[in-house]
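Q: 3D, please:
(one chain, ligands or ions: 1)
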Amino acid sequence: MYGLIVEGHFDSSHFLADYQGKCENLHGHRWHVVATLTSMALKAEGDERDMVMDFSAAKAAVAKACAALDHRLLVEEGTLAEETLAALAREGFSVLALPFRTTAENLAHHLFYELKRAGLPVACVEVDETPNNRAFYQETPHSTRTLYSRYS
Ligand SMILES: [Zn+2]
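A: Next comes the predicted model:
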């Protein structure tokens, strides 16, 4: 098996609703992303001959997926009052409502499917919110739940 590893990052704020601890408060992270792309064979011809894929295209796809989350408040849908969301919008803050709890695990899952949807041969996405802790999502036959039904 061949592979590429492409890294990216985004800076965003979040909080965990229904969590007993520091993470229930609004706070920010530099989220570090590591995407692993794999292929059993290298491309046979063209510009990408003997490559898994062009590194620059892979880097661009990871950067685009990260940019969609960058410098935003990531909010799990239904966890902030409508008047709070309206006040944030009035102030010009960029809020992204997501249909999942904004844990590192779920952000890895989200980015995995964004890269898969972009056509990358993604095998694993790792996301860390601190230098010492890293979550990952890797699709296996035993993956039982998807964040988005549109991907399944
Ligand atoms: Zn956090």
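
Q: switch to C-alpha atoms for all contacts and neighbour counts from now on
A: Fine.

Q: Please enumerate the helices of the protein.
A: Assigned helices in the chain, in chain order: 55-67, 82-90, 104-117 (criterion: DSSP state H).

Q: looking at those helices, which is buried most?
A: Among the helices of the chain, ranked by average contacts under mean count of other C-alpha atoms under 10 Å, first place goes to helix 104-117 (a mean of 21).

Q: Centre of the chain to that helix, how far?
A: In terms of C-alpha atoms, centre = their mean, to the nearest Å, the centre of helix 104-117 is set 4 Å apart from its chain centre.

Q: got it, and stretch 116-134?
A: Relative to its parent chain, stretch 116-134 has a centroid offset of 6 Å by C-alpha atoms, centre = their mean.

Q: got a list of contacts for that stretch?
A: Stretch 116-134 is contacted from outside by 29-39, 58, 61, 104-105, 107-109, 111-112, 115, 135-139, using C-alpha atoms under 8 Å, 6 or more residues apart in numbering.

Q: what does stretch 75-86 give?
A: 14, 15, 17, 95, 96, 97, 98, 99, 100, 101, 102.

Q: End to end on it, go ahead and measure it.
A: 13 Å (C-alpha to C-alpha, to the nearest Å).

Q: Next, the buried residues of stretch 21-32.
A: Applying a neighbour-count criterion of 16 or more other C-alpha atoms under 10 Å, one finds 28, 30, 31, 32 buried in stretch 21-32.

Q: now those as JSON lines including pLDDT and distance to residue 8?
A: Shown next, in JSON lines, are these (pLDDT from 0 to 100; distance: C-alpha to C-alpha, whole Å):
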{"residue": "28", "pLDDT": "96", "distance to residue 8": "17"}
{"residue": "30", "pLDDT": "96", "distance to residue 8": "10"}
{"residue": "31", "pLDDT": "97", "distance to residue 8": "8"}
{"residue": "32", "pLDDT": "97", "distance to residue 8": "6"}
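
Q: Let me know the closest of these to residue 53.
A: Of all the buried residues of stretch 21-32, residue 32 has the smallest distance to residue 53: 22.0 Å, by C-alpha to C-alpha.

Q: ok, now how distant is the closest one from residue 88?
A: From residue 32 to residue 88 the distance is 26 Å (C-alpha to C-alpha).

Q: So the residue located most distally from the centre of the chain versus residue 52, what's the distance?
A: What lies farthest from the middle of the chain is residue 45; by C-alpha atoms, centre = their mean that is 31.1 Å. Taking C-alpha to C-alpha as the measure, residue 45 falls 11 Å from residue 52.
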